[in-house]
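Chemist: Fold the following and give me the result.
(chains A, B, C and D)
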Amino acid sequence: MEVDYEAFRREVTEFAQTRCPPEIRAVVATYRKLSRKIWQPWQQILHAHGWGAPSWPKQFGGTGWDPQQRHIFDEVMAENDCPPQYHHGLRHIGPVIIEFGTPEQQARFLPGILSGEDWWCQGYSEPGAGSDLASLRTAARREGDEYIVDGQKTWTSHAHESDWMYTLVRTSKEAKKQQGITMLLIPLNSPGITIRPIRTIDGWHHVNEVFLDNVRVPVANRIGEEGKGWTYGKFLLERERLGGANVAPALKNLERTRELVAQELAGETHRAKRAALELRLLLAEAELRGALALGKEAVAAVMEGRPLGLLPSVLKLSTSVTHQHVAEVAMDAVGERLAPRFRRIDGSGPNAEAPGIEWVQNYMYMRVRTIYGGSSEVQKNVIAKQLFGS
Amino acid sequence: MEVDYEAFRREVTEFAQTRCPPEIRAVVATYRKLSRKIWQPWQQILHAHGWGAPSWPKQFGGTGWDPQQRHIFDEVMAENDCPPQYHHGLRHIGPVIIEFGTPEQQARFLPGILSGEDWWCQGYSEPGAGSDLASLRTAARREGDEYIVDGQKTWTSHAHESDWMYTLVRTSKEAKKQQGITMLLIPLNSPGITIRPIRTIDGWHHVNEVFLDNVRVPVANRIGEEGKGWTYGKFLLERERLGGANVAPALKNLERTRELVAQELAGETHRAKRAALELRLLLAEAELRGALALGKEAVAAVMEGRPLGLLPSVLKLSTSVTHQHVAEVAMDAVGERLAPRFRRIDGSGPNAEAPGIEWVQNYMYMRVRTIYGGSSEVQKNVIAKQLFGS
Amino acid sequence: MPFTASPLVGGDAYEMAQRLALEVDAELSALSDAGEQLACLRRHWDAIAGLGWMATMVAEDAGGAGGDLSDVAALACGAGRGGLPLPIATACVVAPALLAAAGARDMLAQVAEGAARICVILPDAAQDPGATRLSFDRTLEGGVVGVETPPDPTHLLLATKAGELLLLSVDSPGITRSLSMRIDGRLAADWHFVGVAVAQEQVLARGIADQADRARDLGALITCVEGVSAMGAIIEQTIAFLSDRVQFNAPLASYQALRHRVAEMYVEYENLRGLVAHALREAAATDALPWRDIALAKLRLGEAGRLVAHETIQMHGGMGLTEGVAAIRLARRVMMAEFEFGDRSFQADRLLAQVA
Amino acid sequence: MPFTASPLVGGDAYEMAQRLALEVDAELSALSDAGEQLACLRRHWDAIAGLGWMATMVAEDAGGAGGDLSDVAALACGAGRGGLPLPIATACVVAPALLAAAGARDMLAQVAEGAARICVILPDAAQDPGATRLSFDRTLEGGVVGVETPPDPTHLLLATKAGELLLLSVDSPGITRSLSMRIDGRLAADWHFVGVAVAQEQVLARGIADQADRARDLGALITCVEGVSAMGAIIEQTIAFLSDRVQFNAPLASYQALRHRVAEMYVEYENLRGLVAHALREAAATDALPWRDIALAKLRLGEAGRLVAHETIQMHGGMGLTEGVAAIRLARRVMMAEFEFGDRSFQADRLLAQVA
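Modeler: Residues are numbered from 1 along each chain as shown, chains lettered A, B, ... in the order given. This next block holds a predicted model:
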């Protein structure tokens, strides 16, 4: 059946505009860091409409949309300041459970993810591992029907508000480092787990250290085979390669920054500064329009079953840096009056944050763009290897 | 005896302004590539005044100036559009002959260099060697009182207007590559020498290929010992490390470019473009003022016998890139009307070059700044090695 | 296998144009005399005219092939890989568009068959500062400089700021010219007009300012196509050079600092390629030319193209400064493209005016 | 041996200030409660007041140490290596310069001994868009925001655009404030004035607009000194991190792409260091403050400082986003410095106005 993409876009747009609560959209529009408090109700609304899992197969409660539709959905959500439907349950572990989980695991875990009742976080990164994920050291030893897990995870987004953590642990030191890794699903209320916030430069609390001290995990919570965890982890990374194809959030950010510059630097006094910032935004827009076009190419490739080649790396590099440039322009516009008001301490006025402070937080936060999800350095290594043929 | 540097600066300035012929200064002021035709008469004037060799010891006809005086001299020359006294005889092979030459060689070669009568070029680079100078392959074999030289040199500046070429040749393939290299002085009218111009992107003729086909060179023309040529070559490179300390030419270039932008883009129509280019020039000026200060530090270090450390590399990297930025601004100002008129072919007007075309040539030529005299990549390797301690 | 750039628009026309461009480049590189170079350019101009390049977008009922922009893009794409120093964009797109806007069918036919070699002067053509501004009021006065031209132009097609379109024989009394080679080896002419009388029938149209803008944007788009194509070839050749060249006992291709910079060149290239491909698709899909996309692409060509050009020069070391290296000749083509059909600042001004 | 930055101005005062800054940094990093942080800052403010920092440039006959700019620079240089989150430039240079210009000897003495903690509001202080502009005509109306302040300020020293200098007790009726921590952990206050009556004796001087400019430039210069010092420490720490950290079986320090970028950071740092050292020498040598050199240095601090800050964050990977790493805390100090005493655009405007 031919899909009428324009009709689909209209349908999604109308849904976004009428069903997404204004208080949720306001949070997205002001770049505040999204928490479970924001995401969960939105997930419930989507689920109730049958759109809880655009990227899952229909038999597991997915929408059955093709890649083009999923891309349109993501784009429209961004254009309308709906939260990006990017939680770890739905986009990460859900698909892994669908692909590699037992029927019991599927029955146990998928409904909670779909409804938004269960909240998940990802326990991959470890101190000292960085981009070299496979050098992880958190160890699990088998004892009867349980694994005993010992170690430390870090950069664990949303651990402090999650119910579950899917994690990679080392079950063998004999094999080469990618082997001997196993994937476990761990309830975060298990005895022996301590979660500590990491203080990040953006001033938001979103990542944590997770300490695991003799944590007992039922073997039933293991995904697939022992020692094959790296494969499941990689499957997930492969699946998410189209993530960078959605340039709509960056364009939205650009437009907002344009308005900010126009307002903040209105009038003759600021003409030179305004002109300089507008020019920088224009150059950013040109790059984003290029990325937008490449995103369309990527979606088309996936639709036609063609390989993506270097497109995901190019998209990641282009958009991450441009995102940062745009955030820098905003910082240059408001920094003098807002960078000093990063954290309100006291005051005779209402004890809220300074209005607009999200521009400063966002500037700080944006530095992460070139680090997470494959750092720029790793992406360039990948590209060079392909270009040079070795 | 204490030197009165201010008085010295005044003396040199007066000399530059009154003795340097206007037609010579006009060539320098318009960035035209300097040839022997320009340099030689100026060298004769300087020599007649006793200033023929600021960097040579007094007993060989030098001025006996200290490094501060030499720096002032170079600076004043640049400020007044006098040709930089940077010919290969005076600055390169002269000092080598003074340090390592026999008394006979000193008597034979130094007077001609001082008076400007003999013109020299440097035969170091070879095709395929690039920054890795020591991998040179031009070979000389001994036959009685002569060496027979066979091979090819390239990037030989001014070979087409020189009398002599000092050159590094391989006299042994046994030793490791820096050894087995010998320095020879070769008259360019020797049989077996062919000089071919290299067509460079700036449209100027200044570098050549020099083919040596069984060229006979008397052993008396060898500097120092056979196989020690690399040492003499390095001595020369070390000596020239202060070269980058003279930022005056770059500042002069900056001021001229400022005038160009103001003239070329006068009026309301061009306001936005003019403002953007002026801002770029301002950023360039800030960098050049930093380099200027570092240049002063370098001169002071030499005066006090302190090591220069990484200063020469920092100066080279800073000023070369800034020079290029300034040249780009000029190109952006005039490119639309002058880049198309790179080489005049015919015309009913006078068959001269388009006025101002030197801005385009200069933009092209400036690309060489980050390549010659130790490429930016080599400089960064040097800096990193020092910073990381390995 | 090392990188091979995919053409924006491939196919037979692309392959043929590429072959031809590489041949011409090889021929020209061997010549040092300006007269011989001119003759070579003229010969190849006649060849591509004979092949029907200039007829591509001319309507069939005006003696053309009735093709569309993507047919010209295929030619520009092939020509771009060899830096073909002939005015493709002007001859195949800008002049036909202007003549079509004026309904000048006879002239279109002559263009299509290659009999007329037209030098197009657009309203924003460069003028020397201090020179008499170009003005037209029955007679033409003033001058323009550095206007790209085919070899031995027969006609001038001049779009005035006021929106008139004039067609003059280059031999008209009062017209003088001088000829130059641009940094990319193409031909450019300075034109000077002293009391050049313009008859009624030489005014092909009035009030076509918008169509002149459109023609310039079409030219900009085809220039972007050429530029992207040249950038792809430059990256290929840079990779080949770095792979072959050994320095300090290792191929340059093994140095991570250089590898990362090539990766950056590639990202810039791909991003621009995406944008230009998009603009081409849009131009084909709609009647209204996507001028904003074209302006953004042209802006990026200035930024990304110059980066790629500078980097290939730097990575070629000393070789990067010589005309003897194909990648360097392409770099000059890309550097020149910045100044064609509106430079970065021109494009930025109009885009910002629209934003505000 | 790996890189160790040399201080712009060394000596005992520098060493002492560095030690102190590192101590304070360690102490503060362990605290997460804002009240405790405030108390810590207050304690250390009192300590440096006791050490006579604020007396450094106050004339001897006004109860100060009669030192010069290089004495303060030594302190700023040491403090800068630990990112000491106290308002060095304002307290040691800007406030004394303004009070000296007004001949306010009593107040100078109080500043010198640390009894008065002054928050200085310069004519260009930030205001929220849409807020009532600050105005003074017997009474003070309006507000300024994000003004750096010592802990528990006792006085406001306000230089108006018209060139008056006002000294107000922070408890004066009609004054309200709210306190924040800046991105670099220093304190800042928003001040709001509603009908604040200003008595004759509270107007310390009139017609001191030029001296206020001079005071701001002195502040900018000391900020540059701090910034350069922080950048040097950042580079040291980045090198140490890259040398320790192993990724894909090799220390990060062995990757050429990273090595080259560290070299670029170093070149930026050195270039700025040279410029700031020069400005300091000039300021010492002449009576006229070298405002042009200072403006250029401040401009470069914005460019080079941000590059160094961004690069250290990037090279630290995930760690680069946490407050737990000293280099990152310093990076925030450098990012903040851009907005103190005139940002890049402010400096560019005045420099270009002078060029034109």
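Chemist: Which residue ranges of the stretch 101-250 of chain A form helices?
Modeler: A:103-115, A:229-239, A:248-264 (DSSP state H, counting those that start in this stretch).
Chemist: Go through those helices and name the closest to chain D.
Modeler: In terms of Cβ to the nearest Cβ, the element of those nearest to chain D is helix A:248-264, at 5.9 Å. The way it works is simple: take the backbone N, C-alpha and C, and place the C-beta from them, glycine included.
Chemist: ok, back up a step: in JSON lines, list the helices of the stretch 101-250 of chain A along with mean neighbour count, distance to chain D and mean pLDDT.
Modeler: Listed next are the helices of the stretch 101-250 of chain A as JSON lines, based on neighbours: other Cβ atoms under 10 Å in any protein chain shown; distance: least, Cβ to the nearest Cβ, whole Å; pLDDT from 0 to 100:
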{"stretch": "helix A:103-115", "mean neighbour count": "17", "distance to chain D": "26", "mean pLDDT": "96"}
{"stretch": "helix A:229-239", "mean neighbour count": "18", "distance to chain D": "15", "mean pLDDT": "78"}
{"stretch": "helix A:248-264", "mean neighbour count": "19", "distance to chain D": "6", "mean pLDDT": "95"}
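Chemist: Save these as TSV, and put in distance to D:Val145 too.
Modeler: Listed next are those as TSV, based on distance: least, Cβ to Cβ, whole Å:
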stretch	distance to D:Val145
helix A:103-115	45
helix A:229-239	45
helix A:248-264	13
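Chemist: between those helices, which gets nearest to chain C?
Modeler: helix A:248-264 (6.8 Å).
Chemist: Can you show me the CA trace of the closest one as CSV?
Modeler: The C-alpha coordinates for helix A:248-264 follow below in CSV (Å, rounded to 0.1, in the frame of the first residue of the first chain):
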residue,chain,number,x,y,z
ALA,A,248,14.7,19.5,12.8
PRO,A,249,15.7,20.1,16.5
ALA,A,250,18.8,21.9,15.4
LEU,A,251,16.9,24.1,12.9
LYS,A,252,14.3,24.9,15.6
ASN,A,253,17.2,25.9,17.9
LEU,A,254,18.6,28.1,15.2
GLU,A,255,15.3,29.9,14.7
ARG,A,256,15.0,30.5,18.4
THR,A,257,18.5,31.8,18.6
ARG,A,258,17.7,34.2,15.7
GLU,A,259,14.8,35.5,17.6
LEU,A,260,16.9,35.8,20.7
VAL,A,261,19.6,37.8,18.9
ALA,A,262,17.0,40.1,17.3
GLN,A,263,15.4,40.8,20.7
GLU,A,264,18.5,41.0,22.9
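Chemist: Just give me the neighbour total for C:Arg261.
Modeler: Using other Cβ atoms under 10 Å in any protein chain shown, C:Arg261 has 22 neighbouring residues.
Chemist: swap that for C:Asp137, please
Modeler: Neighbour tally, C:Asp137, other Cβ under 10 Å: 9.
Chemist: where does the closest residue to A:Arg25 other than its chain neighbours sit relative to chain B, distance-wise?
Modeler: Nearest residue to A:Arg25, sequence neighbours excluded (Cβ to Cβ, 6 or more residues apart in numbering or on different chains): A:Asp81, at 4.2 Å. With distances taken as Cβ to the nearest Cβ, to the nearest Å, A:Asp81 is found 33 Å from chain B.
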